[in-house]
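S.K.: Here's a sequence, model it:
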Amino acid sequence: MLKVDIIEHGTVVDHIQAGMGKKVLDILGIDEKSGNRVALVMNVPSQKMGKKDILKVEGVLISAEKTDAIALISPRASVNLIKDGKVVEKKQAELPESLHGVGKCPNPNCISMQEKAAGKFHLEGQKYRCEYCERVFKPAELL
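M.R.: Here you go, the predicted model:
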């Protein structure tokens, strides 16, 4: 059985879609140079999801904006903020109604790409419409 130590101060991201754990690390800007103790467990058996990834990051408390970005690639993810070894806040990743500065438009002809403008998107059903070019994209396409 695989055992990962508890963390005293940091974040646990659970119910990440299997295989997307590395992408969550990218969203959080965490790599081997960041110096944080990190545990990424991939393809863990899950009754609800079949398989899932779990991420533990010590010393980092994830913001609401980062939680929204995680929802783009794994809308079932849950984010647990840990202080003194206890969960002090639990957030469910949800697709936000609008995104500003999170993600970029994949349309190479979009003015936001040419002008290096921050992305602005609005949720329509389960997809996002770019405020600049009006094209509609799946959430994961914005990252």
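S.K.: Mind checking the pLDDT average for stretch 67-82?
M.R.: Averaged across stretch 67-82, the pLDDT comes to 91.
S.K.: same question but for stretch 131-140, I mixed them up
M.R.: pLDDT averaged over stretch 131-140 gives 95.
S.K.: Assumed residue 69 was part of a strand.
M.R.: No. Counting by DSSP: H, G, I helix; E, B strand; the rest coil, one finds residue 69 to be helix, located in no strand.
S.K.: what residues are up against it?
M.R.: Contacts for residue 69 (C-beta atoms under 8 Å, 6 or more residues apart in numbering) come out as 27, 102, 103, 143. To be clear about C-beta, it is placed using only N, CA and C from the backbone, and glycine gets the same treatment.
S.K.: Need the buried ones from those selected in ChimeraX.
M.R.: In ChimeraX, this line selects whichever of the contacts of residue 69 come out buried by 16 or more other C-beta atoms under 10 Å:
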select :27,102,103
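S.K.: Now the contacts of residue 69 in JSON lines, please, with extra columns for distance to residue 134.
M.R.: What follows is the contacts of residue 69, written out as JSON lines (distance: C-beta to C-beta, whole Å):
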{"residue": "27", "distance to residue 134": "26"}
{"residue": "102", "distance to residue 134": "19"}
{"residue": "103", "distance to residue 134": "16"}
{"residue": "143", "distance to residue 134": "20"}
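S.K.: In helices, which of the contacts of residue 69 fall?
M.R.: residue 27 (DSSP state H).
S.K.: possible to save the contacts of residue 69 as TSV with pLDDT?
M.R.: Below are the contacts of residue 69 laid out as TSV (pLDDT from 0 to 100):
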residue	pLDDT
27	88
102	80
103	82
143	83
